[in-house]
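Participant: Pasting the sequence and the predicted model now:
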Amino acid sequence: MSRPEGKVSGALEVKFVPDEDVLKHIADDTGIKVRKDKTQLTVSVKRFVKKLENISDDEAQEILQEKNYVAALGICAQDSMGNGSSVSGGEVYSFQTPKRSTKMAELASELAQTPGQSVATDNSECPEKTAKTPQSSKRSGSNKVQQRSKRKEFVSTTPYRLRKRLAAPDPYLESESEYSASCSGEEDEEDQKEVSTVLSGQKTPAKTKAASTPPPRNTLTKKIKDKMSNLVEEYFEAHSSSKVLTSDRTLQKLQKRRLNQQTLHDLLKKAPLAYAAEIKELNQQHESLFSKWMLQLHLGFNIVLYGLGSKRDLLEKFRTSVLQDSVHLVVNGYFPSITVRSILSSITEEVLDHIGTFRSPLDQLEFIIKRFKEDSSLELYVLIHNLDSQMLRGERSQQILAQLSSLPSIYLIASIDHINAPLMWDQAKLSLYNWLWYETTTFSPYVEETSYENSLLVQQSGSLALSSLTHVLRSLTLNARGIFRLLAQYQLENKGNPSYAGLSFQDFYQQCREAFLVNSDLTLRAQLTEFRDHKLIRTKRGADGVEYLLIPVDDCTLTDFLEKEDEDV
Amino acid sequence: GCFVFKPSPKKRRVSHKTANVFRQRDGNNSEDTELRFVTCQSLWNQIKSETEQIQEDLNKQLFDTLVSFLRRSHSEFQEKTTEWTCRMKSREIPTAALVLGVNVTDHDLTFRSLSEVLQNNITPYVALLEAKDCPGIKNLMQKLMGQLMNCYIDVDSLEDEDYVQVSQNRIRCSMTSLISWYEGVTMKKNSETPSKKRTSSSRHCQSPPVVVIFKDMESFTTKVLQDFIVISSQHIRELPLVLIFGIATSPMIIHSLLPHSVSSLLCIELFQSLSCKDHLSTIIEKLLLTAQFPFKLGEKVLQVLINIFLYHDFSVQNFIKGFQLCIVEHFYSQPLSVLCCQLVDAKKRVNSLSHDQCENIRRLPSFRRYVEGQVSEKQIALLTADNFLKETVQKLLEDLHVYHENYVPVLRCLHVFTSSLPKYPLGKQIRELHCACLENQVWETEEYESSLQLAR
């Protein structure tokens, strides 16, 4: 059992296989599954390896990890075929039953306690196996490089794998996901030491071995016993328990610190665009519609673009290529503080050159409608990116925009992204908008549109808070800084305490006196007032009427701040 | 998040004309595209005026009854007959409940023409109110007075002082100010020498009623409606108010929206507009089942448009818009659509076709089928000699025209025969029969067989 499994885990490491090969591989396996079980395995592994030779190393790095996922799926299917029982999709993806999860936990604890032993046994096997392929050294090298350059991929894929691991009864799949999880866990060290790759290599097979031995026994017997009723049972098992079991391995638990915005951005930039040529062709198809759009806009229709992918670039291209010679208004609907009023104002102020204010958007709209009706030479193209954005999807905003768009000399071309976006329009609004629907699937990433959103992968940095802290404190006297330090230190000491309400004023005063920072109650109070004005501290009155002081900054930032202060001093 | 881009003033002169846009296409022969555009526009304008005419005719009867109703209520007020006084005592507001059907999108047009008709015949004081403008009674009054005062200014074209008056009134809108305004207007009109204003106000009587139209009665807040009705019923003596409710569902809604104490203040008369299905049938009959317009819809497109109508919105306007889109699309994408015009013009245009266009004709699948049916010498001539091709095409066009001229009467005859058969094998409506005919040879279908059996 351990030998083919080891090979499989080796093959799983070889991630760099083109799509079609993987597909072929899967198709092959399902074709001749039962007869050649173990030979098939080795053959496929060899094929993997062979393929690998053809692909140059740097290219290999570029291939997305998804393929790994596909490969894993394929092997999963193949292996279960090899075991002589058919695994249904539902079984692979079913929710983990509690029984098994406790087993997993046991396993994990076992692993944690006795790593050395299993490492020793597998250590010998691991290099031997890798030595077979000429790529072995390169592989580890590339592996490391990849880990370094594509951190975000690891971070992003880990939850997937974890989920898969939980769900999968298959030991090989388990081992595979275990491996990647450990990789992301140990990334920190790997960044610094080369040795650590070997370390992780050692650890992985160890885990796979430990994890693989017990579970297949019972799953196998169970499967053989009742193949058919199995499915039904699994179904009800999965659906009977009201509470859904999810992985508790959250992003918070990652040892690797999350990236900051800039690094994430850079990394994403480096990621290659899949199917670039096809997407380009698709976009060209869309662009050929530009003149048609213009015609239809002029005939009183308005145009709405829908479909997957950011349509911003397409609209921008439309704007630059067709609308250069006419007055047009671009509205970024995804902008978090956009309002209908701002749209109307930019029309009145900049297009109509009207100075003055309006009591309500409706008045403003009336004014615009009047002006456009009076002066037939006025023309305005309005481009709205994400008409269905959070800020514009309200009933009133849509009503105003619809009325605006119903003017014959205002041409509206907009994009929507939410799948239920059309629900925001009732019959009346639809007839005002007079839409023509164009499906413009671009598959391009929503880079601009999501730039105002926070990513899960990005560490919510307290850099702003930190810099403001240091700036304010730098302008203060030495004593004042000392006072703040005292409070910060006290808060950090109590950071584990959930019932920590803050430092009471009396205690604080006592401490400050002892450190010779203040000489009277009043000076401390004056100092605290200053802090409060800068929002450095917050005071709360407890149940006993005592004033408690608190720094409203999270602990990490505070730690950073103290470290920095120490450096300065 | 908003950015305005203005072109430099030099460039600004060049504004996009629709024709230019049409031409911008990388079409090979520019004169044809222009011609196509002109043809398209003229065809669309014809169709548009035709549909408007149809709508007007259909609404005429409804409007006539409405007008006579308004006349009655108003004459009673003026003559101060005993009947009116006793009604005044009970403080009832004459109300017309206008049941229009669920096709809300079409209502706009109906109301617009209605207010036009009213302004021409009955009274200059017509206010159109929509629920979205009136979240509260205050907004409602504001809107109402704004509209009334504006039309006052329009009719009598008075100067600045009235603008001041309007803005003042806007600040404190109340029924009292409305009444004083009304008195002022009627007084002025009565005192004025008739010679000056005769032309504009001759059609209106001396104290014309004030008509308030609630476009979408269902969506008004109950409270607002109630308040308005109660308040205005207090002042019905001084202000001859007439309400018109636009109702999409059923007249019962008035009673479910308003409590008895309020609805008893109204003297409701019911008016029913033409159903949208009949409207559509008329439109299809006048636009498609006629030789007047050379543009015909194919089976699938017509089916889609009808399905959208029947299953989605019941909106005749949307149907017409879809029809417009079909026309534009056809003229935009088909170079040979230049021939889609009246027969006389089409013949002329065939003569002046360029070589490329001739090639386009040769590529048409229907023309190919025709060529394959000919003898070989003729085939060669058709495929090589442009002049011969043009002659043939002229002949074929004439045949097509004759076919369409005959098609419609024959279709009508068939419809008369089959429409009263049990179970309607060929459809109840003529449009269904038309679709069936477009789909394939109708005399080969089973339904035709069975209907013939039944007819015997």
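Facilitator: Received the coordinates, thanks. Numbering: from 1, shown residues only, chains lettered A, B, ... in the order given.

Participant: Pull the residues that contact stretch B:260-267.
Facilitator: Identification of contacts with stretch B:260-267 by Cβ atoms under 8 Å, 6 or more residues apart in numbering or on different chains yields B:87, B:91-95, B:225-226, B:229-230, B:233, B:243, B:254-255, B:258. The C-beta positions use only the backbone N, C-alpha and C, and glycine is treated the same way.

Participant: Could you single out the nearest of those residues to chain A?
Facilitator: Checking these against chain A by Cβ to the nearest Cβ gives B:Leu225 as the nearest, at 19.0 Å.

Participant: Can you classify the closest one by secondary structure?
Facilitator: The three-state label given to B:Leu225 by DSSP: H, G, I helix; E, B strand; the rest coil is helix.

Participant: about what we covered before: please narrow the contacts of stretch B:260-267 to those residing in helices.
Facilitator: If you go by DSSP state H, the contacts of stretch B:260-267 have B:87, B:225-226, B:229-230, B:233, B:254-255 in helices.

Participant: Which one (most neighbours) among these?
Facilitator: B:Leu225 (22 neighbours; other Cβ atoms under 10 Å in any protein chain shown).

Participant: ok, it touching B:Leu258?
Facilitator: Yes - assessed by Cβ atoms under 8 Å, B:Leu225 is found in contact with B:Leu258 at 6.5 Å.

Participant: list residues touching both of those two?
Facilitator: By Cβ under 8 Å, 6+ apart, no residue touches both B:Leu225 and B:Leu258.

Participant: just to revisit the earlier point, least confident of the ones in helices among the contacts of stretch B:260-267?
Facilitator: Taking the ones in helices among the contacts of stretch B:260-267 together, the minimum pLDDT is found at B:Arg87 (52).

Participant: backbone phi and psi for the residue in chain A that chain B sits nearest to, please?
Facilitator: Among the residues of chain A, A:Phe335 lies closest to chain B, at 3.1 Å counting by Cβ to the nearest Cβ. Phi and psi for A:Phe335, reported as degrees, to the nearest 10, are phi -60, psi 130.

Participant: Next, the contact list for the nearest residue to it once chain neighbours are set aside, please.
Facilitator: Distance criterion Cβ to Cβ, 6 or more residues apart in numbering or on different chains; nearest residue to A:Phe335, sequence neighbours excluded, is B:Gly1 at 3.1 Å. B:Gly1 is in contact with A:331-335, A:337-338, A:342, counting by Cβ under 8 Å, 6+ apart.

Participant: Could you identify the most distant pair in those?
Facilitator: A:Tyr334 and A:Ser342 (13.8 Å; Cβ to Cβ).

Participant: picking that back up, nearest to A:Val447 among the contacts of stretch B:260-267?
Facilitator: B:Leu225 (50.2 Å).

Participant: low-scoring stretches of the stretch 201-350 of chain B, by residue?
Facilitator: Applying pLDDT under 70 to the stretch 201-350 of chain B flags residues B:201-207.

Participant: That one against chain A: which residues are in contact?
Facilitator: When proximity is defined by Cβ under 8 Å from any Cβ of the partner chain, the stretch 201-350 of chain B lies next to chain A at B:313, B:315, B:317-318, B:321, B:324-325, B:328, B:332.

Participant: now these: which count as buried?
Facilitator: The neighbour count (16 or more other Cβ atoms under 10 Å in any protein chain shown) marks B:313, B:315, B:317-318, B:321, B:324-325, B:328, B:332 as buried among these.
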